[in-house]
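J.: Got a sequence here, can you model it:
(one chain, ligands or ions: 1)
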Amino acid sequence: MAGPWTFLSQDKGFPMIIVLLGPPGAGKGTQTGALVKRYHLLAISTGDIFRANLTAGTPLGLEAKSYMSQGLLVPDDLTVRLVVDRLAQPDAAQDVLLDGFPRTVYQAEELEKFLASRGQKVDHCLLLDIQEKELTLRLTGRRVCRSCHSVWHLSFSPPPADLVCPSCGGEIYQRDDDKEAAVSNRLKVYQAQTQPVANWYKQKGLLRVVNASGQPLEVEKAIEKALSQGRPQK
Ligand code: AP5
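T.: Numbers count the residues shown, from 1 in each chain. Below is the predicted model:
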């Protein structure tokens with residue numbers, strides 16, 4: 001199906017890179033899922049990759065676990081290597097949505113260097129904007145499929161009572177880092193380490209702020225509108 005991103009990509013002659021930023025619980029995963037279903041793009045979610053490795057018990061997953069369960073960021077070198085390797089794979093030669101990366105200014109700089117080495121750059125950075133009090137409610141009520149990463153919320157979009165994912169049959173569970181102690185730490189880490197990334201993209205004239213406090217469909221439409229307006233002005 002044609003969409004604004006496909007159109008922009010064709011216009012530009014090579015694939016678009018879109019960065020989706022936002023605090024924990026802002027709806028990055030929800031919007032990524034909806035937009036992947038609708039458009040031709042590859043989503044790379046660092047959180048999902050770390051969790052898949054954790055479930056599979058790989059060395060990467062075991063290393064990431066100690067940081068994730070405390071609500072801390074996984075070290076930059078490990079995360080950058082992971083994303084660069086993923087972007088270098090053949091199926092990444094299409095429009096790409098980066099969900100949850102970069103999350104530090106160092107990661108943003110390394111991404112910029114890697115893309116420049118391939119004659120590419122980030123085309124858009126979208127920041128999902130929402131008040132902090134709403135985030136804790138969203139995170140503590142979230143339930144996720146362990147296999148396909150589909151997302152529910154106990155109040156807003158309740159999962160099936162048997163906690164079996166209707167899409168893939170996977171187990172629906174609560175993430176360790178969605179417990180209240182880890183949530184408050186994640187919000188602090190976001191302010192300290194990821195908010196500066198939004199400012200970094202703003203200075204480059206790439207940032208668009210999207211109101212993420214409405215219903216998921218409203219947020220999806222706001223994202224589409226932001227992208228269809230073309231490159232933001234400084
Ligand atoms: P990650 O999985 O990326 O977690 P996060 O950024 O904290 O974001 P979340 O997944 O918690 O929230 P979301 O914005 O996707 O919200 P969602 O759509 O699920 O990362 C986890 C960890 O991995 C990090 O803490 C870190 O340790 C590590 N990591 C990942 N990337 C890293 C990096 N680059 N560098 C270093 N470490 C990294 O929505 C939340 C809930 O709200 C759901 O229940 C949903 O149903 C509901 N909801 C969503 N939208 C709406 C809406 N519009 N209205 C009502 N409810 C809604």
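J.: List phi and psi for the residue nearest the centre of the chain.
T.: Taking CA atoms, centre = their mean as the criterion, Asp99 is the residue nearest the geometric centre of the chain, at 2.0 Å. Backbone torsions of Asp99, given as degrees, to the nearest 10, read phi -100, psi 110.
J.: go on, Val219?
T.: Backbone phi and psi, for Val219 under degrees, to the nearest 10, turn out to be phi -70, psi -40.
J.: residues contacting the nearest residue to it once chain neighbours are set aside?
T.: Ranked by CB to CB, 6 or more residues apart in numbering and with sequence neighbours excluded, the top spatial neighbour of Val219 is Ala212, at 5.2 Å. Using the backbone N, CA and C atoms, a C-beta is placed for each residue, glycine as well. For Ala212, the residues meeting the contact criterion (CB atoms under 8 Å, 6 or more residues apart in numbering) are Gly22, Ala26, Gly27, Leu128, Asp129, Ile130, Val219.
J.: what does Gln195 give?
T.: By CB under 8 Å, 6+ apart, the contact list for Gln195 is empty.
J.: Would you mind giving me the confidence score for it?
T.: The confidence metric pLDDT takes the value 97 at Gln195.
J.: I'd assumed it was in a strand, is it?
T.: No. Remark: Gln195 does not belong to a strand; assigned using DSSP: H, G, I helix; E, B strand; the rest coil, it is helix.
J.: May I see the buried residues of stretch 106-118?
T.: Gln107, Ala108, Glu110, Leu111, Glu112 (16 or more other CB atoms under 10 Å).
J.: Which member of those residues is positioned nearest His149?
T.: Ranking the buried residues of stretch 106-118 by separation from His149, with CB to CB as the measure, puts Gln107 on top at 21.4 Å.
J.: For His124, grab the count of nearby residues.
T.: Close neighbours of His124, defined as other CB atoms under 10 Å, add up to 23.
J.: helix/strand/coil for the closest residue to it other than its chain neighbours?
T.: Taking CB to CB, 6+ apart, and ignoring the residues beside it in sequence, His124 has Ile18 as its nearest neighbour in space, at 4.8 Å. Under the three-state scheme (three-state DSSP), the conformation of Ile18 reads as strand.
J.: Could you list everything Ile18 pairs with in the sheet?
T.: Partner residues in beta bridges with Ile18, using DSSP bridges, are Leu97, His124.
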